[in-house]
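Trainee: I would like to see how this sequence folds:
(2 chains)
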Amino acid sequence: MYAQMVKSEGMKSLEEMSPEERAFQERIDANEKIEPKEWMPEGYRKTLIRQIGQHAHSEIVGQLPEGNWVTRAPTLERKAILLAKVQDEAGHGLYLYSAAETLGVTRDELTEKLLSGDMKYSSIFNYPTLTWADMGAVGWLVDGAAIMNQVPLQRTSYGPYSRAMIRICKEESFHQRQGFAIMMKMANGTPEQKEMAQDALNRFWFPALMMFGPSDADSVHSAQSMAWKIKMNTNDELRQKFVDETVPQAEFLGLTVPDKTLAWNEEKGGYDFAEPDWNEFFEVIKGNGPCNEERLSARQKAWSEGAWFREGLTAYADKAASRRAAAQMAAE
Amino acid sequence: MSKKEWPLWEIFIRGQHGLNHRHVGSLHAPDAEMAIRNARDVYTRRKEGVSIWVVPSAQITASSPSEKGPMYDPAESKVYRHPTFYDIPDEVGHM
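Mentor: From the prediction side, this is the model:
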């Protein structure tokens, strides 16, 4: 998802746990929230930092493919909407970084790990946005897939993460709807516009399915994360749910999902569909996607070229503080 | 002997597991630890909370009420930030 393939420690049974660990697991089983200053297993803390950090990085890097179209939006209204959406993503990144920081990692550490490639962001943002229809497809499919994951995460066991998710989900509905509204406009427009909408669906369908990560049916990492309630569903469950909700929406648009094997399966009450190309997924994760270099260098550039500005603000704050102190001394 | 007044503390209570702390009021206390003890007596006599935060009132910087207009009015024209701005037919399903 926005956090793909987050590694965690192996899983212990209740008998193997220390009394502290057992009490912790029992609190989670009782749906109690874990708060920053409370005792938690080191693995829980580390896994959450990786997961929330990756999620935050995805929000931030996710601004780039859409930011690409802000100056070329077809109308002023569309431009304002796109800008508002990109602005929301920055806010979502901030909520999540703040949640991660409650676990004892600093903002700068997280940023540096993103810039050095130590921490990842979602594979989806390493694909280019080639036409305006991609703004529709991203809102509809990418935000749609993100919502699939984020809605259950509102119930996650870690309090600050859960509260960040609740805030984000409230704002996310606008993102998907504005995307679908673009798709509706394009799909009902000229034949060329409809063709663009279809092309965007063709390019984003499989990358969107990859967002949920490879099948984790047998993964020990997933089992531990699910026991800790920092992962609420398996990747396959969420992918299935996404396909089942999205295929009728594509039909409504009069567009064709680029999967010849796609078929309704009465028995399971869901669609059968083709898996994405997992080799491609692993290549993108490794850094070899179409836009990995561009995305990371855009972030590195923003960080290094913004250094003078951050330093300037700090210098100003220091100066203002000493001025206030001097004024207070004079008054006394 | 000059009398030193106790500072004012702002009190925040988490009502239930998982919720945000909410501001409930303020009280005087000589230090943070006493502020928590006092807050427990003043604000949680009926088990209103599961956690207390205390913050020195002097540490709070507030926005100015007179700037309400310039601060919040600009959001008024940005109705497109709300999901209801977009006309999505019911048959598409919940989105």
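
Trainee: For the chain, just list every one of the helices.
Mentor: Because you didn't say which chain, this covers chain A. In chain A, the helices defined using DSSP state H lie at A:19-29, A:42-61, A:63-67, A:76-101, A:107-115, A:133-137, A:143-153, A:159-187, A:191-210, A:220-227, A:235-253, A:278-283, A:292-305, A:307-331.

Trainee: Wait, chain B was what I had in mind.
Mentor: Taking DSSP H as the criterion, chain B contains helices spanning B:32-43, B:68-72.

Trainee: Got the phi and psi for residue A:218?
Mentor: Residue A:218 adopts backbone torsions of phi -110, psi 10, taken as degrees, to the nearest 10.

Trainee: I'd like to know how far it sits from chain B.
Mentor: Residue A:218 sits 31 Å away from chain B, going by C-beta to the nearest C-beta, to the nearest Å. (Glycine included, C-beta is placed from N, CA and C.)

Trainee: Now for that residue, how many residues are close by?
Mentor: Neighbours of residue A:218 under the rule other C-beta atoms under 10 Å in any protein chain shown: 7.

Trainee: Over to the one 3 residues further on?
Mentor: When neighbours are defined as other C-beta under 10 Å, residue A:221 has 17 of them.

Trainee: close enough to count as contact, it and residue A:43?
Mentor: No: using C-beta atoms under 8 Å, residue A:221 is not in contact with residue A:43, being 10.2 Å away.

Trainee: a markdown table please, covering the helices of chain A and showing distance to residue B:92 and mean pLDDT.
Mentor: Listed next are these as a markdown table, based on distance: least, C-beta to C-beta, whole Å; pLDDT from 0 to 100:
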| stretch | distance to residue B:92 | mean pLDDT |
| --- | --- | --- |
| helix A:19-29 | 37 | 94 |
| helix A:42-61 | 26 | 97 |
| helix A:63-67 | 22 | 97 |
| helix A:76-101 | 19 | 97 |
| helix A:107-115 | 36 | 97 |
| helix A:133-137 | 14 | 98 |
| helix A:143-153 | 11 | 96 |
| helix A:159-187 | 7 | 96 |
| helix A:191-210 | 15 | 98 |
| helix A:220-227 | 31 | 87 |
| helix A:235-253 | 5 | 97 |
| helix A:278-283 | 29 | 96 |
| helix A:292-305 | 31 | 97 |
| helix A:307-331 | 44 | 95 |
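
Trainee: Just send these back as a markdown table, with distance to chain B too.
Mentor: As requested, those are arranged in a markdown table below (distance: least, C-beta to the nearest C-beta, whole Å):
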| stretch | distance to chain B |
| --- | --- |
| helix A:19-29 | 9 |
| helix A:42-61 | 16 |
| helix A:63-67 | 15 |
| helix A:76-101 | 5 |
| helix A:107-115 | 20 |
| helix A:133-137 | 12 |
| helix A:143-153 | 8 |
| helix A:159-187 | 4 |
| helix A:191-210 | 15 |
| helix A:220-227 | 19 |
| helix A:235-253 | 5 |
| helix A:278-283 | 26 |
| helix A:292-305 | 24 |
| helix A:307-331 | 12 |
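
Trainee: Which one of the helices of chain B lies nearest to residue A:163?
Mentor: Residue A:163 lies closest to helix B:32-43 among the helices of chain B, at 21.1 Å (C-beta to C-beta).

Trainee: buried set for that closest one?
Mentor: B:35, B:38-39, B:43 (16 or more other C-beta atoms under 10 Å in any protein chain shown).

Trainee: Could you check how far residue B:42 is from residue A:132?
Mentor: To residue A:132, residue B:42 is 58 Å away according to C-beta to C-beta, to the nearest Å.

Trainee: Could you pull out the strands in chain B for me?
Mentor: Using DSSP state E, the strands of chain B run over residues B:8-14, B:21-28, B:51-56.

Trainee: Show me the one of the ones you listed that comes nearest chain A.
Mentor: Of all the strands of chain B, it is strand B:51-56 that lies closest to chain A, at 6.9 Å by C-beta to the nearest C-beta.

Trainee: contacting residues around that closest one?
Mentor: With C-beta atoms under 8 Å, 6 or more residues apart in numbering or on different chains as the contact definition, strand B:51-56 has outside contacts at A:35, B:7-14, B:21, B:29, B:32, B:35-36, B:39-40, B:43-44.

Trainee: again, 6 Å this time
Mentor: B:7, B:9-14, B:21, B:32, B:35-36, B:39 (C-beta atoms under 6 Å, 6 or more residues apart in numbering or on different chains).

Trainee: repeat for stretch B:3-20
Mentor: Contacts for stretch B:3-20 (C-beta under 6 Å, 6+ apart): A:32-33, A:159, B:21, B:23-30, B:35, B:39, B:43, B:49-57.

Trainee: What are the buried residues along that stretch?
Mentor: Neighbour-count burial for stretch B:3-20 flags B:9-15, B:18-19 (criterion: 16+ other C-beta under 10 Å).

Trainee: Kindly reformat the residues you listed as CSV containing pLDDT.
Mentor: Listed next are these as CSV, based on pLDDT from 0 to 100:
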residue, pLDDT
B:9, 98
B:10, 98
B:11, 98
B:12, 98
B:13, 97
B:14, 96
B:15, 94
B:18, 91
B:19, 93
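
Trainee: what would those residues look like in CSV with distance to residue A:76?
Mentor: Compiled in CSV, those are given as follows (distance: C-beta to C-beta, whole Å):
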residue, distance to residue A:76
B:9, 49
B:10, 44
B:11, 47
B:12, 43
B:13, 46
B:14, 44
B:15, 44
B:18, 42
B:19, 40
